[in-house]
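Engineer: Turn this into a structure:
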Amino acid sequence: MTFGRLPPVTDPRITDLRINDARKTIVVTGVGVVSPYGIGLDCLQAGMLSGKCCLTPTKDVYPGFEGSTAQVCGLSLPATGADPRYSRSDRLAMVAARDAVTNLDCESVAFRESGAFMASTVAGLSEIDPGIAEDPAAWYRRGGGLARAASYPPAHVADAVGDDLGIRGPRCAVSAACASSAMAIALAANILLDGAAPMMLAGGSDALCPFTLSGFSSLQALDPEPCRPFDQNRNGLNLGEGAAVLVLETLEAAVARNASVLAVLRGWAMTNDAFHTTAPQQQGNGLADCMRLAMEMAKVSGDQIGYVNAHGTGTPLNDVAEANAYESVFRGRTSPIPVSSTKSYFGHCLGAAGALEAAITIVAVRCGALLPTLRLTDPIVSPSVNWLRGDVRREMLPLAMSVSAGFGGSNTALIFGDGGFGNDRS
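Structural biologist: Predicted structure coming up:
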């Protein structure tokens, strides 16, 4: 099962995009992924379409913590992997970014002038032993060192990617909780529209670590079993780790270098609930507004969206708020909107979640695949939503939406299309 390559954008079917200005159309010409399935989009696609769940008992990785997590195994960066300046989050991002640019001319001026917008919430926390909170002096004496502490800031991930690839365009660190990497993609698209860079690498990275496990445990947000998003009997989330990076450029730039287009970023939007530090606004008003704004930008209606990859954490409050948002936005559709949460496959990857789910949404569009939520047996009642469960369904998907939400009320919606090239059903 291969992801394959689309025809070059000079294909005459590009007219299906109804593009008036190629300078203002943002396309995806590369996707790099590091997930619990492995390195590369092929691995992600094969794992998702097979319905494989990567969640394993947390105590196997972090003794003392109950529940389930999904870990990336076998990560290797020969040249820099052992360098203490780079955290695990940095290294996940670097591998994903290298994977994303495999088919690019990395010596070209356009590539050298590219920017890197990377998101993270954990960043270098994975390198800092919890003992630093108990006795900082002893931690440093044990070899904690300034090098590892210096990798803590979320900005370090963007710098790690930029320095590793040798690109010198604009860099930005985004840390807006669990919507972070979706927001990085949206902000990078805005940079391209402004003409501030010829190409952008955008995404996010986060690693598992005891700090985040402890934090979510203290919130009583972790499900001791593999999570069940949108189920009436859901009991919380599971944590995962990974990274995803999208290569974004304008259609004009892609045509000029005869690039292959993997997807078109038709619309995007960002909002904030301004409601509570951790709890979502229960009617989902901010998230609903975000989806409407993205559809307005894409100039599409709710009936034209074929699938929504939901934020879908599996927590009692989030799933209700999100269901209410879908009910508000898609009420009146000719048929209920197909929705699923792919966090049921490999958990919530925090700052990397939005970018990983954007990659999954691109896979769904390319393959014409409606991906089910695993373990969903008794869905939340929502008349306007078709909660996907059971087996993968095959269906042409000209447009699909990826939705992300996070603490502090951060919301982002991304709408991807196939660019009129049709679906790759391999």
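Engineer: Now do the helices in the chain.
Structural biologist: With helices called from DSSP state H, the chain shows them at 41-50, 88-100, 109-112, 131-134, 136-141, 145-150, 155-165, 180-194, 210-218, 251-256, 285-298, 316-330, 343-346, 353-367.
Engineer: Adding mean neighbour count, distance to residue 273 and mean pLDDT as columns, could you present those in a markdown table?
Structural biologist: For every residue, glycine as well, the C-beta is placed using N, CA and C. Output for the helices of the chain, formatted as a markdown table (neighbours: other C-beta atoms under 10 Å; distance: least, C-beta to C-beta, whole Å; pLDDT from 0 to 100):
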| stretch | mean neighbour count | distance to residue 273 | mean pLDDT |
| --- | --- | --- | --- |
| helix 41-50 | 20 | 30 | 96 |
| helix 88-100 | 28 | 26 | 94 |
| helix 109-112 | 15 | 38 | 92 |
| helix 131-134 | 12 | 31 | 65 |
| helix 136-141 | 12 | 36 | 70 |
| helix 145-150 | 14 | 33 | 54 |
| helix 155-165 | 23 | 25 | 91 |
| helix 180-194 | 25 | 14 | 96 |
| helix 210-218 | 16 | 20 | 84 |
| helix 251-256 | 19 | 33 | 92 |
| helix 285-298 | 21 | 4 | 96 |
| helix 316-330 | 22 | 9 | 95 |
| helix 343-346 | 28 | 20 | 97 |
| helix 353-367 | 28 | 16 | 97 |
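Engineer: now those helices as TSV including distance to residue 59?
Structural biologist: Shown next, in TSV, are the helices of the chain (distance: least, C-beta to C-beta, whole Å):
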stretch	distance to residue 59
helix 41-50	23
helix 88-100	20
helix 109-112	44
helix 131-134	20
helix 136-141	25
helix 145-150	25
helix 155-165	28
helix 180-194	28
helix 210-218	11
helix 251-256	47
helix 285-298	34
helix 316-330	24
helix 343-346	18
helix 353-367	23
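Engineer: Nearest to residue 204, out of the ones you listed?
Structural biologist: For residue 204, the closest of these is helix 180-194, at 2.6 Å, according to C-beta to C-beta.
Engineer: Let me know the angle separating the closest one from helix 353-367.
Structural biologist: Helix 180-194 runs at 70 degrees relative to helix 353-367, counting by axes from the mean of the first three to the mean of the last three C-alpha atoms, to 10 degrees.
Engineer: Just the CA trace of helix 180-194, in PDB.
Structural biologist: Extracted as PDB, the C-alpha positions of helix 180-194 are listed here (Å, rounded to 0.1, in the frame of the first residue of the first chain):
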ATOM      1  CA  SER A 180      -0.900  24.500  18.400                       C
ATOM      2  CA  SER A 181       0.300  22.700  15.200                       C
ATOM      3  CA  ALA A 182      -3.000  23.200  13.300                       C
ATOM      4  CA  MET A 183      -2.500  26.900  14.200                       C
ATOM      5  CA  ALA A 184       1.100  26.800  12.900                       C
ATOM      6  CA  ILE A 185      -0.200  25.500   9.600                       C
ATOM      7  CA  ALA A 186      -2.800  28.300   9.400                       C
ATOM      8  CA  LEU A 187      -0.200  31.000  10.300                       C
ATOM      9  CA  ALA A 188       2.300  29.600   7.800                       C
ATOM     10  CA  ALA A 189      -0.400  29.800   5.100                       C
ATOM     11  CA  ASN A 190      -0.900  33.500   6.000                       C
ATOM     12  CA  ILE A 191       2.800  34.100   5.600                       C
ATOM     13  CA  LEU A 192       2.700  32.700   2.100                       C
ATOM     14  CA  LEU A 193      -0.300  34.900   1.200                       C
ATOM     15  CA  ASP A 194       1.700  37.900   2.500                       C
END
